[in-house]
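Enquirer: Quick one: sequence plus predicted model below, questions after.
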Amino acid sequence: MPDVRKSKAAFLLALLGTSACAAQSPLPVHEGGRVIANSDGSLSFGWPATYFESRFHGTAVSVSVEATGDRLQLLIDGAQKALLVQPGATSLTFAGLAPGDHVVRLEKVTESQTGGSRFIGFYPAGGSTPLPPPTYARQIEFIGDSYTVGYGNTARGTNCTRPEVHDLTDSQQAFGPTLARAVGADYRVNAYSGFGIVRNYGGAAPGQSMVLLYPRLKPDDATHLETDSGAWRPQVIVINLGTNDFSTPVHAGETWTNQDALAADYRAKYVAFARMLMAKQPQAHLILMGSDAFYGQVEQIAATLNRDAHQPVATLHFSGLEMTGCDYHPSLKDDRTLAASLQALLDQHPDYWNGAR
């Protein structure tokens, strides 16, 4: 797999100064995921599987990005041309492309619960000219925890160090993006490993939850919250939250006196969260996922929501995964299985895609 220190025979991969790109106007870009627009025109991002796409006509293109601990991959016409693994500002030019129209794409591969990276822009090079960025008729959103992140999904064994979890996580191959590509949809992944609806893994970080993080444009930034621009109108929202809520028995000193109290709080907070999403995105169909450990709770939540839901709320039960990713998380095979299950459900309900954007 190539990185910024290697080049392919068909391409010239040259390190440039940031100023070389700054002298040109950037290509129009499609933002896949939440971003913070900075005063200099750059875009800060932190949620998993965020991506940026542009189109151009010509034979060369440049990209400028500033990464922290993220692993970012650069693709041209769907083929990976570089994997950026070193922190810091980087500008790259890819030349020698076949004359014609091309799509250039930068993807966030790893999870960063703090920090994140900054996309500066794609720039035409070698006489290339800009084209309108890609557009999508379908939009789908995923909300979840480490399963949705793709935590350690490329591992060949369950025992991983923290650095290995980071390097072996490929959010772009998690079930969400895998499904989105299969159905030709723009996607957004809002997921945070270890967090749940009311309780995090093992009771960690009390008072924090995925519900509280959800409005943020970056997971670690409580000052920049999403405002409704009207551009994001998903026809489908997939939620998979509950694994961490019920990961261990309730400990002494926690908010809940027993598992029944935890389950009741989980259901109440989940219903409130789902209703907030439904009010914000009334066109969207919700799909609530659940494993054996909490699918019964999910069924009760869906039944409550369906009493007055504008759009029917569906559920998806999953089980029998091989769980050979880091720390017994879903593997790449499991991600494909989950994506296929979701696609089968969507295929049964083609009307889901009719929601107005």
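Expert: That came in fine, so what should we check first? Residues are numbered from 1 along each chain as shown.
Enquirer: the helices in the stretch 51-200 of the chain, which residues?
Expert: Secondary structure of the stretch 51-200 of the chain (DSSP state H, counting those that start in this stretch): helices located at 146-149, 162-167, 175-183.
Enquirer: Check those helices for me and report the most buried one.
Expert: Here the criterion is mean neighbour count by mean count of other Cβ atoms under 10 Å, and of the helices of the stretch 51-200 of the chain the winner is helix 146-149, at a mean of 28. Where you see a C-beta, it was placed from the backbone N, CA and C, and this is true even at glycine.
Enquirer: So what touches it?
Expert: Helix 146-149 is touched from outside by 48, 111, 142, 169, 171, 174-176, 189, 191-194, 240, 243, 329-330, 338, with contacts defined as Cβ atoms under 8 Å, 6 or more residues apart in numbering.
Enquirer: Just the ones of these in strands?
Expert: Using DSSP state E, the members of these that fall within strands are F142, V189, A191, N240.
Enquirer: any idea what sits nearest the third one, other than its immediate chain neighbours?
Expert: When you say that, I think you mean A191. Spatial nearest neighbour of A191, excluding adjacent residues (Cβ to Cβ, 6 or more residues apart in numbering): T148 at 3.8 Å.
Enquirer: can you give me the strands for the stretch 1-150 of the chain?
Expert: Ranges of strands in the stretch 1-150 of the chain, per DSSP state E, counting those that start in this stretch, are 12-15, 30-32, 36-37, 43-45, 51-57, 60-67, 72-76, 79-84, 88-95, 101-108, 117-125, 129-131, 138-144.
Enquirer: can you list the weak-confidence ranges in the stretch 1-150 of the chain?
Expert: For the stretch 1-150 of the chain, the stretches with pLDDT under 70 are 1-23.
Enquirer: Apologies, that question was intended for the stretch 201-350 of the chain.
Expert: By pLDDT under 70, the stretch 201-350 of the chain has no low-scoring segment.
Enquirer: what ranges do the strands span in it?
Expert: Under DSSP E, counting those that start in this stretch, the stretch 201-350 of the chain gives strands at 216-218, 221-225, 236-240, 285-290, 314-317.
Enquirer: Cool, thanks, signing off.
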